[in-house]
Each structure stands twice: as structure tokens, then as C-alpha cells.
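*Asks:* Okay, predicted coordinates and the sequence, questions at the end:
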Amino acid sequence: MEIYGIDHVEMYVGDAKQAAFYLAHAFGLQVHGQGGPETGLADQRSLLLRESAVQIVLTSGLAATHPAAEYVQRHGDGVAVVGLEVDNASVAYTELLARGAQSVTEPATYTDEQETTVVIAEVAGFGDVIHRLVERHGPRREFLPGAFQITEPSKGPDEKLFSEIDHLAICVPSGQLKPTVEFYENVFGFLPIFDEYIEVAGQGMESTVVQSPSKHVTFTLIEPDPNRRPGQINDFLTWHAGAGVQHIALRTSDIVEAVSTLRDRGVNFLASPSAYYKALPDRVGEVETPIEALEELGILVDKDHWGQLLQIFTESMHVRRTLFLEIIERRGAMTFGSGNIKALYEAKERELQGVEV
């Protein structure tokens, strides 16, 4: 079984058209297709958004009993499915079940007259999140032949800001980090590549990063320390009603251009205090981008043995203040900005408390 990367992320949302409008006009993802009752997807409306290798499906239930409607009722808008690109979906499904995964949907094949074949199967992941195993053959334009009608891209901004999904950050309840890591190790064959304990303002959290052997699927898993003051991770778990994806990180090749563009389109980002930038040269050394430009945009910088990374986090797009997005540019760095965690959580505290910066 080979896992090549993240094929797509499917979000269950209250209104797929409204969510698509925001992602299209603010982030530049364009609508490339849709599915619903007319294509055999009963009681739902799904929209496919794309940019480069980023594929996001937005699904709303048309009936109260549809899984998307039930998910939104429990969790609010959020990531419900993480699609994993595999070499053989049926073989991967069988192997995962043999290793202890729980079946959700048996393998099914979708084809069309253009010799496109897509095989999918589903197994349970963390919390209520499902992993969809996706095997593709033929033209890449088709998403799910027969179930989705592929259309010409919707009109939207011309800039291509993002190349792929860099990683997903996932919050789990206290005591669930170790078994979740072991699940991805033993069932999916992922490797733990980074561990740390983070303390911010009396809050504590454990974090482990797991990654597929291909290095193209990365999950940052986080649990709160029950012995410290309840904080943002506890808030997420309460408002989301359990484990879930806290943020999706989108990779860009020019974060200054991306953030400037997004801000002009009305996207709000978490702010960082000026003291962060005064200490930046001593902490990370010389940065190619002028620090004044980074401070003006609120972009954070970290470094590891391989280089630097630049990142910034949006405010949550949802009333529950759960899911948000990260914009990340890697300049050689292979880790995940642990040096910026304190700045991120301090900024998030200000957002949650309604403090103007």
C-alpha cells in the first residue's frame, strides 16, 4: 500500500454555496464541478473547488438525516473527510482492515466514456473524520465520474496563490494523543517525526507530528494538558464537540504576495505584537524578506536545521471559532514552526478575548 498524498479534503458545511463563494472570492479557489440528487448523490449538494493540487469539496445535507447535516449540527462547519491518494484502493482498504481499521464504505468504482476510472473506499480515522482512499486512472480533470459534473472553472481571481495542502493540524481530547499516534503508526504506516511539549500562559499541550513514508501526508496532533489551565485546545474540543481538524495549512511560494492579496480581499489574520519582530533577528538570523514587511503583514518566521519557514494564520471563518487556515512558505525548512507556537497562541488568545491589537 502506497499513500502518495492528500487527494482532497471534504468539508461538511451548513451552506455549500456560501462557503464556496467565500473560498473562491477570498482565497481564489475556483468551482470546478458539482454533485447532487441529479448525479446520484441523494439528499446532498456538493461543490468541488480547486487550485493547483489543492482540492476541497464542500457538502451540505438537503435532508436533516443526511450525514453532513448531522455533522454540522454536532460540530459546525468542519473537515469531515480526508481523501488519501493510494496506488490501489481495494488493496489498501483490505490491508487497513487487517491492521485494525474500521470499515465505513467498501470499494466502489466510478468510470466514464473517456476511460477515467476512480476507485474509492472509506475507513474511520480520528473522531468523526473519515479517510477516503482514492485510486485514479485516466484524465485528472474528472473528480468522481458520474457523481460529479465537471464544469469550466468559475470566474474568480487570476492569481494562483497555493500549490498544495502542506499539513493538517488535529486536536484530540486529553489522553488520546498516544493512541492516535499509535493508530497512524500501526494502521497507516505513518512515522512520528517530531514531538514537543508547549507551554503558553499557564496552558500546556503535547504535540506529535506523524507523516506518511511518502512525506506528502502530514498530521500535527495536539492534546491539552489536563494538569494546566484550560485553554484554546480545550475551547476547540468543546466548541467542536470532540476531536477534529483545527486548521488546514496551504503551501505558497510567495507568502508576502499571498498575504497581501488575501488581506486586500478581506481575509483577517491573527496579529502578532511588535516585540515579536524586534526579537526576530536574534532568534532566526537574517531573513531574506525585510522585517518591516513581515511585521506590517503579521507574518511569522521560524527556522530548523534545513532552513526557514514563514507562516501566518487566519482568524476562524466560523461562528464557533474552530477551523481556520494557515498560509505557509517553506524556504528549506522541514518542520512546522514550533518556535512560533507561543506567538500563535498569544495571538489566538487576543482574538478569543476580543482584544484589539
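*Replies:* Nice, thanks for sending it over.

*Asks:* Could you check how many residues crowd around residue 137?
*Replies:* By other Cβ atoms under 10 Å, the residues close to residue 137 number 11. The way it works is simple: take the backbone N, C-alpha and C, and place the C-beta from them, glycine included.

*Asks:* How about residue 256?
*Replies:* Residues within reach of residue 256, counting by other Cβ under 10 Å, total 17.

*Asks:* Can you tell me the element it falls in?
*Replies:* helix 255-264 (DSSP states H and E).

*Asks:* Would you mark the buried spots in that helix?
*Replies:* Neighbour counts using 16 or more other Cβ atoms under 10 Å place 255-256, 258-259, 261-263 of helix 255-264 among the buried residues.

*Asks:* now do stretch 160-179
*Replies:* Result for stretch 160-179 [16+ other Cβ under 10 Å]: buried residues 161-162, 164-173, 176-177.

*Asks:* just checking, which of those belong to strands?
*Replies:* Applying DSSP state E to those, the entries found in strands are 164-171.

*Asks:* Please dump those residues into JSON lines; it should also carry pLDDT and distance to residue 277 for every row.
*Replies:* Converted to JSON lines, those look like this (pLDDT from 0 to 100; distance: Cβ to Cβ, whole Å):
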{"residue": "164", "pLDDT": "96", "distance to residue 277": "28"}
{"residue": "165", "pLDDT": "97", "distance to residue 277": "28"}
{"residue": "166", "pLDDT": "96", "distance to residue 277": "23"}
{"residue": "167", "pLDDT": "96", "distance to residue 277": "25"}
{"residue": "168", "pLDDT": "97", "distance to residue 277": "28"}
{"residue": "169", "pLDDT": "96", "distance to residue 277": "24"}
{"residue": "170", "pLDDT": "97", "distance to residue 277": "30"}
{"residue": "171", "pLDDT": "98", "distance to residue 277": "28"}
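
*Asks:* Domain ranges for the protein, per the record?
*Replies:* Following automatic domain parsing, one finds the domains of the chain at 3-150, 164-353.

*Asks:* If I average pLDDT within each of the ones you listed, which one is lowest?
*Replies:* With a mean of 91, domain 164-353 has the lowest mean pLDDT of those.

*Asks:* Contacts for the helix holding residue 256 next, please.
*Replies:* 26-28, 157, 159, 161-162, 252, 269, 289, 293-294, 297-299, 310-312, 314, 327-329 (Cβ atoms under 8 Å, 6 or more residues apart in numbering).

*Asks:* so residue 58 makes contact with residue 21?
*Replies:* No - taking Cβ atoms under 8 Å as the definition, residue 58 is not a contact partner of residue 21, at 10.2 Å.

*Asks:* Neighbour count for these two, which is higher?
*Replies:* Shown here are residue 58 and residue 21; by other Cβ under 10 Å, residue 58 has more neighbours (27 against 15).

*Asks:* quick one: contacts for the residue nearest to the spatial centre of the chain?
*Replies:* Residue closest to the mean C-alpha point of the chain, counted by Cα atoms, centre = their mean, is residue 248 at 2.4 Å. Residue 248 makes contact with 9, 79, 165, 168, 323, 325-326 under the criterion Cβ under 8 Å, 6+ apart.

*Asks:* Thanks a lot, see you next time.
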